[in-house]
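A.B. asks: With the sequence up front, the predicted model follows.
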Amino acid sequence: MRLLISFAALFLSVLLLQLSSGGVGPLDALSGLALGFTKQDIGLLGSAHFLGFFIGCWWAPRLMGSVGHSRAFAAFTAAGAIGLMSHMLVIDPYAWALMRVASGMCVAGCYTVIEAWLQAKVTNETRGRTMGVYRVVDMTGSMAAQMIIGVLEPASYVSYNLLAIVCCAALLPLTLTTVRQPETPASPRLRPRLAHERSPLAAAAVLVAALSSASFRMVGPVYGQEVGLSNDQIAYFLTAFVLGGALGQLPIGWLADKFDRRRVLIWLSISAVASSAITILASDLGTLGIMLTAGLFGLTTFPIYSVAAAHAHDFAGDDERVELSAALMFYFALGAIAAPYVASMLIDGFGPKALFVMIAVGHVLLVVFGLTRMRARPAPSDRTRYTYAPRTSFTIGRLIRRARTRPDD
């Protein structure tokens with residue numbers, strides 16, 4: 001308990017950071033539509049966010065090594081706040097895309113600092129409890145961020161200013177904490193080939209997870225508006241997706257530890273295809289049907305990343321876990337950069353249902369590839385423990401490395 005209290009400042013910073021960075025995506029989508037941006041412009045904003053996220057993941061460890069944890073956190077937070085406050089000063093989609101790059105850098109950089117700080121302070125005895133609280137805080141902030149757009153007016157300077165204030169407020173707990181700043185860890189090498197070498201199926205599944213998650217969260221408000229949802233209903237729609245994904249972690253994790261993880265991935269993708277089809281059909285069944293199907297969609301798609309990561313780690317040695325986690329994050333970032341823009345083009349050309357058709361096609365391809373990989377080699381006899389893998393930074397592997405110990409260790 002004393003340790004968790006000492007981490008209260010870090011967890012409060014995480015909560016505030018999620019509120020600001022998680023709220024800007026749906027707010028940008030609704031604001032862009034209100035200002036006459038095209039659907040492709042909205043997709044470009046989502047892709048720009050993940051481009052900034054990738055840059056921040058790569059740059060943050062190096063910046064920490066140069067200036068330290070607190071100053072790096074302050075620099076990334078300032079970039080995010082500047083990006084938020086600049087929105088209503090320049091009404092142009094390409095300018096907003098640059099601002100979203102800054103927002104993406106902010107969230108990736110700040111998470112890298114926080115996770116490096118946690119990694120330096122936790123012990124093997126307290127790691128599990130600390131990570132449990134960290135996940136709860138992160139998920140709570142994510143759901144609250146989706147809800148906040150129900151009360152923020154689109155295309156309003158006040159709305160963006162409020163998010164910027166929350167972003168700046170994330171500075172206070174971490175920079176004013178009396179906990180001594182830890183030593184800066186060495187940044188993990190980025191070896192994208194490592195993920196493909198250990199498990200081609202896991203690399204493909206991570207790409208499909210990005211296709212599902214990034215396109216839904218960044219272009220979902222466009223879909224919601226196209227099917228007749230109000231702004232507060234769109235907030236519930238996005239929250240239902242995150243809530244469904246959070247609720248799915250425990251049962252899916254139990255299945256992934258009990259059965260062949262390739263089968264779990266295949267059945268998850270089959271379920272994702274079914275939930276995409278149900279979502280398309282439910283768009284004519286009223287608001288309640290749309291909300292329920294959003295939760296089902298999150299339940300079937302959100303855990304795919306964690307199952308894929310667990311499957312990849314089954315083939316890795318303990319000395320490869322940090323770099324393998326970073327490699328999987330690299331593949332996720334690539335998919336997340338492309339997915340929102342492609343989804344927006346399809347919606348623009350074929351209507352809102354094209355979003356879920358695109359996602360369903362991705363999962364069908366994953367099912368086919370998964371069946372192919374099951375014939376290529378047998379399932380590993382010595383497996384690691386399943387653990388929820390947050391998609392926050394390239395350094396997250398350091399925090400969850402011990403959680404991936406094999407059951408007999």
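C.D. replies: Thanks, I have the structure now.

A.B. asks: remind me which residues of the protein are low pLDDT?
C.D. replies: For the chain, applying pLDDT under 70 flags the ranges 1-6, 124-128, 177-188, 283, 401-409.

A.B. asks: which residue ranges form the helices in the stretch 1-150 of the chain?
C.D. replies: Counting by DSSP state H, counting those that start in this stretch, residue ranges of the helices within the stretch 1-150 of the chain are 2-6, 8-34, 39-67, 69-85, 93-121, 127-148.

A.B. asks: Oh, that last question was meant for the stretch 201-350 of the chain, not what I typed.
C.D. replies: 231-258, 261-282, 287-301, 304-313, 321-350.

A.B. asks: and of these, who's closest to H49?
C.D. replies: helix 321-350 (8.0 Å; C-beta to C-beta). For glycine as for every other residue, the C-beta is placed from the backbone atoms N, C-alpha and C.

A.B. asks: tell me the angle of the closest one relative to helix 304-313?
C.D. replies: 140 degrees (axes from the mean of the first three to the mean of the last three C-alpha atoms, to 10 degrees).

A.B. asks: residues of helix 321-350 that come out buried?
C.D. replies: Going by neighbour count (16 or more other C-beta atoms under 10 Å), the buried part of helix 321-350 is 321-348.

A.B. asks: measure F259 to I252 for me?
C.D. replies: 11 Å (C-beta to C-beta, to the nearest Å).

A.B. asks: Number of residues surrounding the closest residue to T130 other than its chain neighbours?
C.D. replies: With C-beta to C-beta, 6 or more residues apart in numbering as the criterion, T130 has its nearest non-adjacent residue at 4.9 Å, and that residue is V122. Residues contacting V122 under the criterion other C-beta atoms under 10 Å number 19.

A.B. asks: how about the helices of the stretch 201-350 of the chain in TSV, adding distance to A74?
C.D. replies: As requested, the helices of the stretch 201-350 of the chain are exported to TSV (distance: least, C-beta to C-beta, whole Å):
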stretch	distance to A74
helix 231-258	28
helix 261-282	40
helix 287-301	34
helix 304-313	30
helix 321-350	24
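
A.B. asks: Out of the ones you listed, which gets nearest to V67?
C.D. replies: Using C-beta to C-beta, the nearest of these to V67 is helix 321-350, at 21.6 Å.

A.B. asks: moving C-terminal of that closest one, what's the next helix or strand?
C.D. replies: Toward the C-terminus, helix 321-350 is succeeded by helix 354-376 as the next helix or strand (DSSP states H and E).

A.B. asks: Can you give me the buried ones in that next one?
C.D. replies: For helix 354-376, using 16+ other C-beta under 10 Å, the buried residues are 354-356, 358-360, 362-364, 366-367, 369-370, 373.

A.B. asks: neighbour count winner among F259 and I252?
C.D. replies: Legend: neighbour count by other C-beta under 10 Å for F259 and I252, higher for I252 (23 against 12).

A.B. asks: any idea how far the more buried one lies from V136?
C.D. replies: I252 sits 18 Å away from V136, going by C-beta to C-beta.

A.B. asks: same thing with A272?
C.D. replies: Relative to V136, and taking C-beta to C-beta, A272 is found at 25 Å.

A.B. asks: neighbour count winner among these two?
C.D. replies: Neighbours around A272 and V136, counted as other C-beta under 10 Å, are more numerous at A272. The numbers are 28 against 12.

A.B. asks: mind checking how far that one is from L255?
C.D. replies: Where L255 is concerned, A272 sits at a distance of 15 Å (C-beta to C-beta).

A.B. asks: so what's the nearest residue to M345 once chain neighbours are set aside up against?
C.D. replies: In this structure, M345 finds its nearest non-sequential neighbour in Q40, 5.6 Å apart by C-beta to C-beta, 6+ apart. Residues in contact with Q40 (C-beta atoms under 8 Å, 6 or more residues apart in numbering) are 341, 344-345, 348.

A.B. asks: what do you get if the cut-off is 6 Å, keeping everything else the same?
C.D. replies: Q40 makes contacts with 344-345, 348, as judged by C-beta atoms under 6 Å, 6 or more residues apart in numbering.

A.B. asks: Over to S275?
C.D. replies: Neighbouring residues of S275 by C-beta under 6 Å, 6+ apart: 296-297, 300.

A.B. asks: Out of the residues you listed, which is nearest to A48?
C.D. replies: F297 (24.3 Å).
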